[in-house]
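> From the sequence below, what's the structure:
(chains A and B)
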2 protein chains.
Amino acid sequence: MDATEFRRRGKEMVDLIADYLENIEQRPVYPNVEPGYLRSLIPQEAPEEPDTYEDVVKDIERVIMPGVTHWHSPYFYAYFPTASSFPAMLADMLSGAIGCIGFSWAASPACTELETVMMDWLGKMLKLPEEFIAGTHGQGGGVIQGTASEATLVALLAARSRTVRIILANDPQRPETDITSKLVAYASDQAHCSVERAGMIGGVRMKKIPTKQSNKYAVHGETFLKMIQEDKAAGLIPFYLCATLGTTPSCAFDRITELGPICNAEQIWMHIDAAYAGSSFICPEFRPLLNGIEFADSFNFNPHKWLLVNFDCSTMWVRDRSDLIGAFKMDPLYLKHDHQESGLITDYRHWQIPLGRRFRSLKMWFVFRMYGLKGLQDYIRKHVELAKEFETLVRADPRFEISADVILALVCFRLKGSNEMNEVLLKRINNGKKIHLVPCQLSGQFVLRFAICARTTESRHVREAWRIISQLAEEGYM
Amino acid sequence: MDATEFRRRGKEMVDLIADYLENIEQRPVYPNVEPGYLRSLIPQEAPEEPDTYEDVVKDIERVIMPGVTHWHSPYFYAYFPTASSFPAMLADMLSGAIGCIGFSWAASPACTELETVMMDWLGKMLKLPEEFIAGTHGQGGGVIQGTASEATLVALLAARSRTVRIILANDPQRPETDITSKLVAYASDQAHCSVERAGMIGGVRMKKIPTKQSNKYAVHGETFLKMIQEDKAAGLIPFYLCATLGTTPSCAFDRITELGPICNAEQIWMHIDAAYAGSSFICPEFRPLLNGIEFADSFNFNPHKWLLVNFDCSTMWVRDRSDLIGAFKMDPLYLKHDHQESGLITDYRHWQIPLGRRFRSLKMWFVFRMYGLKGLQDYIRKHVELAKEFETLVRADPRFEISADVILALVCFRLKGSNEMNEVLLKRINNGKKIHLVPCQLSGQFVLRFAICARTTESRHVREAWRIISQLAEEGYM
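The predicted structure is shown next:
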């Protein structure tokens, strides 16, 4: 396919995409296929000779769409949202065409520099403390990671390396393996599973800090302090806390104003994972949820969840970028370049696990400019209002209860009664394929999560969703 | 921006992309900007109110393009290629629109299933041993990682976990930290820097196996065997070898037919990193370079380098997927789904570092079908021929020498004489901005790397590149 044919096919694809998204609510949100459905629909091997483009396009509806879970359907309420907007898609097309691999400044200066400036723009929208803004002289700054899991891991590795360095400075004879074998990381028992995984990957102990319903599933300073004191008494070395703002099960907020001072006093790296909730902090009314950020060493959230920037775009800031770079730096000759030692430039490969990286900041640039800060705030507020509307509907029905405070756009709810009853209800809901939800567990209870996800979700969709849930619950009683 | 406006803007973007790629060789391949150039060209903060789309588009030429290193210019000969093709771009547009996050089968069955089948297609194109093909009953199979660095790390973590498991099975009382502190991983001193980094991340010792010019910079079995015997005698536990097929400096090939049997006998995980060279193995004449794969535990290469699939798409196969899954598995309730335990399905989140993942197999599907196996083979062969043509030009000039065998589409060459002389030559070449190359070091010598990169590189570009190099070398003598 040459550029001339691409002009034609690209425009057809633009229409196909617009058609898909304009009519997405006509499709069943959850697919009706069994595991293994796809293999029999296509050949066992790649063709020797090219297929026609028409055949490929026909197969989108025949092979792909029957197996798609439509995350951008206004009837999708599962997990957390994944972002989608037209400006982000346009920027991503451009990113694909430029197709640079921005591992160093020299590999494509625009790719690196736009990222640094976009991270500053976003940091300012969030009113992050000055130390996290790169500016022209800052020690901190931001980087786009692929996912929050990677940010959690990168922060843990940086913390591990910093702690080892500090201990060795005082005790140069101590074997490094003796240090690492005593390191302990901490996270809430409500933290995302990727946090525990980061500990496994980094080869360090990871302890779960217990939460309880009466504390709204948040980690409090007192509990944490007690744990680290016990661990230190046992000869262990607390070195890393991953605090969560907006947990996956119930959108709970760890008390970072209490945890931060403890971490700072104990030289424990405090990483804040606000994967979902972070986008809301651009609104002044939600910004207080981020208070305590001034104690953090690193902070991460996913504009690719709730800020209209298509996946992947997980934004991470560090207070001191030398901590991050120190954990990863490798400089072979084939990656060296003239400006490297000038101090003015950023080689993002030292900030992350992969070497290669796409030109992802274009998506942020297009989205921030095409929506403006106000447009983005309006978007967040609308989703929160829709969640409140759903909460009101649930509260008005005596068969149901709300299982956790509704702070942003996630509603945790359940039928008053047994877990089994709720499991049956969820199964019915999802089998209906009109709306899609996933569960969570809170204090041993099976709970349904209703997250406002799609950009195009309106009040009528939420009311329709409630009508379906309410009716299925009714039938359950009969 | 709504769907109606996207129809218009999307089509304009298609034309912009086609214009950019059709005229890319008119642009200086390497940008003429100083570090920090971009920040002053745009506002310090995101706008409150939306900008117009026209303003955003105008800024692509004003702000972005002056700072782009044009990886798809036919005058770009630096690093290794990064792939770009129109079918891959079309597929990526569709992937952005579907915008599912395929961490589990249920999160979008098509995303998972197409990936499994495309990995089988590609595995068959490479004539991988049957064990690596998932099929419907296989124990192995493939996964798309973001980059080869991640594949190396994932394999190392799986190896670490397998080794610990095996040792604990025989000696359940042995502390895990005692085991991990004695683990040793190995890679060539020519291996990519990300391999050493994988060792740092995984918290294990990584030893470099020395290579020499007389051995064509390949790791031989004898050297490796001697190292592991010494390490075992010293109480260490060899557990992982990352063998490279096609090293970054000179495209050298480790002797996997010798290394494999040693690894198998010693229960050392053999991972093969063929990031660049792997694409060539779809041609029967290059497939012998992969002989020895039958001893490997895992194998990875980057279709996003040389197989026309835009970044990111790093394909990895494992002989036994339970080894990989075992290193990462986490199953919180919000990610569980009905079919999970059926054995028929794949939850790719257990195969990788991140949780989230794009629908990347669409790119493979479009590219494989629109080119056909023959088209892809032709593409590889053409690049190799162009490299041979360049090699012939270099060999015909008595001032120059070839520094390593030209096996695929990379030519390592230098002026006969001092390193300084070659450094000056490279600086002149890159300052001219007509062509772009990066150096490497081989046996203490500063060497220029000339890699055929762009899809549109033709004989005339290679001859023009040689004319420039040859002339700059001339001037250097005057």
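> Could I get the full set of strands for the stretch 51-200 of chain A?
Assigned strands in the stretch 51-200 of chain A, in chain order: A:141-145, A:183-188 (criterion: DSSP state E, counting those that start in this stretch).
> C-terminal to the longest helix along chain A, what's the next element?
For chain A, the longest helix by residue count, based on DSSP state H, is helix A:361-395. Using DSSP states H and E, the helix or strand that follows helix A:361-395 in sequence is strand A:400-402.
> Mind giving me the packing neighbours of that following strand?
Using 3 or more CB pairs under 8 Å, 6 or more residues apart in numbering or on different chains; DSSP states H and E as the contact test, the elements touching strand A:400-402 are helix A:361-395, strand A:410-415. Where C-beta positions appear, they are placed from N, C-alpha and C, glycine not excepted.
> and the longest one, which residues are buried?
Residues of helix A:361-395 classed as buried by neighbour count (16 or more other CB atoms under 10 Å in any protein chain shown): A:361-373, A:375-377, A:379-380, A:382-384, A:386-387, A:390-391, A:393-394.
> how far does the helix or strand of chain A with the lowest mean pLDDT sit from the chain's center?
Taking mean pLDDT, DSSP states H and E as the measure, helix A:321-326 is the helix or strand of chain A with the lowest mean score, a mean of 87. On the basis of CA atoms, centre = their mean, to the nearest Å, helix A:321-326 is displaced by 22 Å from the centre of the chain it belongs to.
> same question, stretch A:416-427
On CA atoms, centre = their mean, the centre of stretch A:416-427 falls 29 Å from the chain's centre.
> I'd like the distance between residue A:224 and residue A:17.
Shown here: residue A:224 relative to residue A:17, a distance of 47 Å by CB to CB, to the nearest Å.
> Looking at the two now, which is surrounded by more residues?
Using other CB atoms under 10 Å in any protein chain shown, the more surrounded residue of residue A:224 and residue A:17 is residue A:224, with 25 against 21.
> So what does the more buried one look like in phi/psi?
Residue A:224 has phi and psi values of phi -60, psi -40 when expressed as degrees, to the nearest 10.
> Now do it, the pLDDT please.
Among the per-residue scores, residue A:224 shows a pLDDT of 98.
> gap between it and residue A:236?
From residue A:224 over to residue A:236 the distance is 14 Å, taken as CB to CB.
> Any chance of TSV for the helices and strands packed on strand A:400-402, columns distance to chain B?
Listed next are these as TSV, based on distance: least, CB to the nearest CB, whole Å:
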stretch	distance to chain B
helix A:361-395	4
strand A:410-415	11
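> Would you reformat those as a markdown table and include mean pLDDT and distance to residue B:287?
Rendered in a markdown table, the data for the helices and strands packed on strand A:400-402 read as follows (pLDDT from 0 to 100; distance: least, CB to CB, whole Å):
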| stretch | mean pLDDT | distance to residue B:287 |
| --- | --- | --- |
| helix A:361-395 | 98 | 39 |
| strand A:410-415 | 98 | 52 |
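> just the helices in the stretch 151-300 of chain A please.
With DSSP state H, counting those that start in this stretch applied, the stretch 151-300 of chain A shows helices at A:176-180, A:193-202, A:221-233, A:256-266, listed in chain order.
> Can you name the next helix or strand after the helix or strand where residue A:426 lies?
Per DSSP H and E: residue A:426 is located in helix A:419-432. Reading on from helix A:419-432 to the C-terminus, the next helix or strand found by DSSP H and E is strand A:438-442.
> now for that following strand, which elements pack on it?
Packed against strand A:438-442 by the contact rule (3+ CB pairs under 8 Å, 6+ apart) you find helix A:419-432, strand A:445-451.
> mind listing what's buried in the first one?
Meaning helix A:419-432. Counting neighbours by 16+ other CB under 10 Å, one finds that the buried residues in helix A:419-432 are A:421, A:422, A:425, A:426, A:428, A:429, A:430, A:432.
> what do you get for the shortest one?
Using 16+ other CB under 10 Å as the burial criterion, the residues of strand A:445-451 that qualify are A:445, A:446, A:447, A:448, A:449, A:450, A:451.
> and that strand, does that touch chain B?
Yes - part of strand A:445-451 sits close enough to chain B to count as contact by CB under 8 Å from any CB of the partner chain, namely A:446, A:449.
> returning to what we had before: outside of the least confident helix or strand of chain A itself, list whatever touches it.
With CB atoms under 8 Å, 6 or more residues apart in numbering or on different chains as the contact definition, helix A:321-326 has outside contacts at A:134, A:139-141, A:143, A:154, A:158-159, A:161-162, A:165, A:297-298, A:318, A:350-351.
> which two from those end up farthest apart in space?
Of all pairs drawn from those, the one with the largest separation by CB to CB is A:134 and A:165; the distance is 23.0 Å.
> So between the two, which is more surrounded?
Per other CB under 10 Å, whichever of residue A:134 and residue A:165 has more neighbours is residue A:134, with 22 against 13.
> which residue packs closest to the more buried one, ignoring adjacent ones?
Residue nearest to residue A:134 in three dimensions, not counting chain neighbours: residue A:141, with 3.2 Å by CB to CB, 6 or more residues apart in numbering or on different chains.
> What count of nearby residues applies to that neighbour?
When neighbours are defined as other CB under 10 Å, residue A:141 has 24 of them.
> Residue A:170 now?
Residues near residue A:170, counting by other CB under 10 Å, number 7.
> For residue B:218, see how far away it is.
Counting by CB to CB, the separation of residue A:170 from residue B:218 is 44 Å.
> picking that back up, just the mean pLDDT for the helix holding residue A:426, thanks.
Here the mean pLDDT over helix A:419-432 is 96, rounded to a whole number.
> Likewise for stretch A:469-478?
Mean per-residue pLDDT for stretch A:469-478: 80.
> So which bits of that stretch are buried?
With burial defined by 16+ other CB under 10 Å, the residues of stretch A:469-478 counted as buried are A:469, A:472, A:473.
> who's in contact with it?
A:393, A:397, A:399, A:400, A:415, A:421, A:424, A:425, A:428, A:429, A:432, A:435.
> What are the buried residues along stretch A:221-236?
Within stretch A:221-236, the residues scored as buried using 16+ other CB under 10 Å are A:221, A:223, A:224, A:225, A:227, A:228, A:231, A:236.
> Likewise for stretch A:28-37?
Result for stretch A:28-37 [16+ other CB under 10 Å]: buried residues A:28, A:29, A:30, A:31, A:35, A:36, A:37.
> what do you get for stretch A:50-63?
Of the residues in stretch A:50-63, those with enough neighbours to count as buried (16+ other CB under 10 Å) are A:50, A:51, A:53, A:56, A:57, A:59, A:60, A:63.
> Give me the subset of those that lies in helices.
Secondary structure of these is defined by DSSP H; positions in helices are A:53, A:56, A:57, A:59.
> The last one: what's it in contact with?
With contacts taken as CB under 8 Å, 6+ apart, residue A:59 has the following neighbours: residue A:42.
> what's the distance between it and residue A:51?
As judged by CB to CB, residue A:59 and residue A:51 stand 9 Å apart.
> Beta-bridge partners for the residue nearest to residue A:185 when sequence neighbours are not counted, please?
Here the nearest residue to residue A:185 in space, its sequence neighbours aside, is residue A:240; by CB to CB, 6+ apart that works out to 4.1 Å. In this structure, residue A:240 has beta-bridge partners residue A:185, residue A:269, where bridges are defined by DSSP bridges.
> what's the neighbour count on residue A:240?
Residue A:240: 30 surrounding residues under other CB under 10 Å.
> so what's it up against?
Applying CB under 8 Å, 6+ apart to residue A:240 gives the contacts A:155, A:156, A:159, A:160, A:163, A:183, A:185, A:186, A:204, A:268, A:269, A:271.
> Any chance of JSON lines for those residues, columns pLDDT and neighbour count?
Conversion of these to JSON lines gives the following (pLDDT from 0 to 100; neighbours: other CB atoms under 10 Å in any protein chain shown):
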{"residue": "A:155", "pLDDT": "97", "neighbour count": "31"}
{"residue": "A:156", "pLDDT": "97", "neighbour count": "28"}
{"residue": "A:159", "pLDDT": "96", "neighbour count": "28"}
{"residue": "A:160", "pLDDT": "94", "neighbour count": "24"}
{"residue": "A:163", "pLDDT": "95", "neighbour count": "21"}
{"residue": "A:183", "pLDDT": "96", "neighbour count": "24"}
{"residue": "A:185", "pLDDT": "98", "neighbour count": "26"}
{"residue": "A:186", "pLDDT": "98", "neighbour count": "27"}
{"residue": "A:204", "pLDDT": "92", "neighbour count": "24"}
{"residue": "A:268", "pLDDT": "98", "neighbour count": "23"}
{"residue": "A:269", "pLDDT": "98", "neighbour count": "24"}
{"residue": "A:271", "pLDDT": "98", "neighbour count": "29"}
